[in-house]
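Enquirer: Predicted model follows, preceded by the sequence.
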Amino acid sequence: MEKCFIGIDGGGTKTALMAARKDGTVIAESLTSASTWREHGGEKVAVQLADAVKGMNCGPIGGIVAGMPCYGESAEGDAALQNTLESVFPDIPLYLANDVVVGWAGAFALKPGVHLVAGTGSIAYGLNGRNCHVRCGGWDEFFSDEGSAYWIARRGMELFSKQSDGRAPEGPLLKLIRKEFELARDIDFIDCMYKRLGSSREGRASFQILMEKAALLGDRAVSAIYGDAAVELNLMAQTVRRLLDLPPDGWRVSYSGGVFKAGDLILKPLKSLIEAGGGILCRPEHSPVRGALLMALDKFTNLQ
């Protein structure tokens with residue numbers, strides 16, 4: 001029976017899977033929940049991915065490439081995750097990378113370029129024509145992940161508190177949050193945040209969606225936060241370009257992640273900044289999960 005190949009795009013909010021035949025024909029796709037081992041534990045993540053793969057019912061597997069959040073940031077954690085995934089996918093060739101790598105693979109179809117991820121977290125990655133690669137940013141949401149949904153949400157919560165107690169002029173965000181959380185008193189937002197959004201990264205990052213709404217209602221302070229996010233993302237992209245010694249003009253930048261669903265709020269200022277630095281902001285050619293699949297086909301079809 002012909003073997004299939006599987007790409008996995010892990011994330012802090014959701015995880016996508018895609019299976020294809022050797023010729024690249026996609027035969028199954030699936031979605032499951034967040035797969036951040038640092039938050040959910042390696043064993044839970046491994047079982048979740050094994051169940052998702054089993055549910056696709058795509059037959060024998062010739063190889064899996066999985067882009068995973070936090071991979072590459074802890075030698076001990078990386079080894080534990082590798083071992084745990086190998087235990088649930090025995091005798092199947094397996095390659096792990098950070099999720100930004102599969103984002104790049106999809107955006108540029110394995111060709112050189114700089115890729116920005118701004119989802120629950122944020123990070124940049126690039127590859128040049130000499131097969132050198134660099135990652136930048138994405139250290140941790142506590143002190144990094146600039147420009148991410150979590151970072152934007154945290155800035156938004158700060159702005160809400162300032163609009164509420166008079167440190168900042170009132171704007172649409174204030175009324176929107178009062179209505180959304182049914183606040184009798186603004187200070188009740190603290191309890192609502194913990195009860196409704198929880199302490200998880202993905203829960204609090206979801207607040208970013210309300211930021212989009214407030215910006216579209218004309219809250220200039222919220223729009224400025226998206227402008228600040230663009231500055232941070234541009235800094236990562238420009239740094240990767242410099243470290244890879246890409247040409248100063250005409251270098252390509254692409255993107256993936258939920259923050260970019262905000263459209264012009266983030267893309268318009270980012271495009272201006274990228275172009276001012278000699279780059280070209282490009283729509284991704286493919287999704288991150290297809291990027292993982294392209295990597296799986298590239299790495300494992302010659303083994304069959």
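Expert: Cool, got the structure. On a predicted model such as this, the values are computed, not experimentally measured, just so you know. Residues are numbered from 1 along each chain as shown.
Enquirer: Surely Ala109 is in contact with Cys282?
Expert: No - using Cβ atoms under 8 Å, Ala109 is not in contact with Cys282, being 11.5 Å away. Every C-beta, even on glycine, is put in place using the N, C-alpha and C of the backbone.
Enquirer: tell me the contacts of the residue lying closest to Lys162 once chain neighbours are set aside?
Expert: Nearest in space to Lys162, with sequence neighbours left out and distances taken as Cβ to Cβ, 6 or more residues apart in numbering, is Ala168 at 3.8 Å. Neighbour list for Ala168: 159, 162, 221 [criterion: Cβ atoms under 8 Å, 6 or more residues apart in numbering].
Enquirer: what's the pLDDT at Ala168?
Expert: According to the predicted model, the pLDDT of Ala168 comes to 97.
Enquirer: any idea which element it lies in?
Expert: Following DSSP states H and E, there is no helix or strand that holds Ala168.
Enquirer: for Lys175, same thing?
Expert: Take DSSP H and E as the rule and Lys175 turns out to sit in helix 172-180.
Enquirer: same check, this time on Ile274
Expert: helix 264-276.
Enquirer: Next, the buried residues of that helix.
Expert: Neighbour-count burial for helix 264-276, counted by 16 or more other Cβ atoms under 10 Å, picks out 265-267, 269-271, 273-274.
Enquirer: Give me the distance between the residue nearest to Lys162 and Ala224.
Expert: Counting by Cβ to Cβ, to the nearest Å, the gap from Ala168 to Ala224 is 11 Å.
Enquirer: what does the helix holding Lys175 rub up against?
Expert: Residues outside helix 172-180 that contact it (Cβ under 8 Å, 6+ apart): 156, 159-160, 163-164, 183, 186, 189, 210-211, 213-214, 217-219, 221-222.
Enquirer: Check which element follows that helix along the chain.
Expert: Using DSSP H and E, the helix or strand that directly follows helix 172-180 along the chain is helix 189-192.
Enquirer: Just give the number of residues close to Arg167.
Expert: Look at Arg167: counted by other Cβ atoms under 10 Å, it has 10 neighbours.
Enquirer: and what of the one 5 residues further on?
Expert: Taking other Cβ under 10 Å as the criterion, the count of residues near Pro172 is 18.
Enquirer: how deep is the residue nearest to it when sequence neighbours are not counted tucked in, by neighbour count?
Expert: In space, and not counting its chain neighbours, Pro172 is closest to Leu217: 3.8 Å by Cβ to Cβ, 6+ apart. The local packing of Leu217 (other Cβ under 10 Å) involves 13 other residues.
Enquirer: for Leu217, phi and psi?
Expert: Here is the backbone geometry of Leu217 (degrees, to the nearest 10): phi -80, psi 0.
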